[in-house]
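Novice: Just to be clear, the model below is a prediction. Sequence and coordinates:
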Amino acid sequence: MKCEMCHNHDATVHFKQVVDGQVQEIWICRGCAESQGLNLESPQSLTDFFFGASVESQPVPPDKDHACPVCAMKLSDFRRLSRLGCRHCYPTFQEDVETALNQLQDGDRHLGKIPVSERISVEIAQLEDALASAIQAQQFEDAARIRDELRDIRAGHLPGNGLAASPAE
């Protein structure tokens, strides 16, 4: 397959993105990838290529280029490589790490993808715990609300998905 940018060389780099159910693909040669500023060895570079976000785009002033006290990695090295040298780099470069994470993903915690059936099971378990606590504390109005919420969730997910109503209801 030929490069979709220059149409001359064999495509060796393949990008595939799914947005709102629409699949977008591009096949390009290594030369075109590099001419677009894509460093195939750097994960930060991939983010820059797709989203235009980069911590590296802000140069580090010499007086702010502090180093990790253990591995001696400098802030400028972290911004260039998008990697840390050791576990002590995390608190040393905390502000820059948080900025990078916020640019790369929605927030500073990776939640991952949870299958719907698993998410529902977790939600049911949490509601059951809350129900038991409300009953124990004799908060019967809260318990009734939680019970109704549990019933609604289970009613919506009973047929054919393996979730069954609790015999305690």
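Specialist: Structure received. Numbers count the residues shown, from 1 in each chain.

Novice: Need the phi and psi values for residue 2.
Specialist: Dihedral pair for residue 2: phi -90, psi 150, per degrees, to the nearest 10.

Novice: can you count the residues close to it?
Specialist: A total of 13 residues lie near residue 2 under the criterion other CB atoms under 10 Å. C-beta here means a position set from N, CA and C on the backbone, and glycine is covered the same way.

Novice: For the residue lying closest to it once chain neighbours are set aside, give me the pLDDT.
Specialist: Leaving aside its sequence neighbours, residue 2 sits nearest to residue 11 (CB to CB, 6 or more residues apart in numbering; 6.3 Å). Note on residue 11: pLDDT of 89.

Novice: what residues are up against residue 11?
Specialist: 1-4, 27-29 (CB atoms under 8 Å, 6 or more residues apart in numbering).

Novice: Residue 25 reaches residue 4, doesn't it?
Specialist: No. Using CB atoms under 8 Å, residue 25 is not in contact with residue 4; the gap is 9.0 Å.

Novice: which of the two has more neighbours?
Specialist: A count of neighbours by other CB under 10 Å puts residue 4 above the other of residue 25 and residue 4, at 13 against 10.

Novice: Spit out the contact partners of the residue nearest to residue 59 when sequence neighbours are not counted.
Specialist: Nearest non-adjacent residue to residue 59, counting by CB to CB, 6+ apart: residue 76, 7.8 Å away. Counting by CB under 8 Å, 6+ apart, residue 76 touches 59-60, 65.

Novice: Look up which helix or strand residue 76 falls in, please.
Specialist: Assigned by DSSP states H and E, residue 76 belongs to helix 75-81.

Novice: Can I get that helix in PDB, CA atoms only?
Specialist: Taking C-alpha atoms only, helix 75-81 is exported to PDB below (Å, rounded to 0.1, in the frame of the first residue of the first chain):
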ATOM      1  CA  LEU A  75      12.700  18.700  33.900                       C
ATOM      2  CA  SER A  76      13.700  19.400  30.300                       C
ATOM      3  CA  ASP A  77      14.500  15.700  29.900                       C
ATOM      4  CA  PHE A  78      11.100  14.700  31.100                       C
ATOM      5  CA  ARG A  79       9.400  17.200  28.700                       C
ATOM      6  CA  ARG A  80      11.500  16.000  25.800                       C
ATOM      7  CA  LEU A  81      11.200  12.200  26.500                       C
END
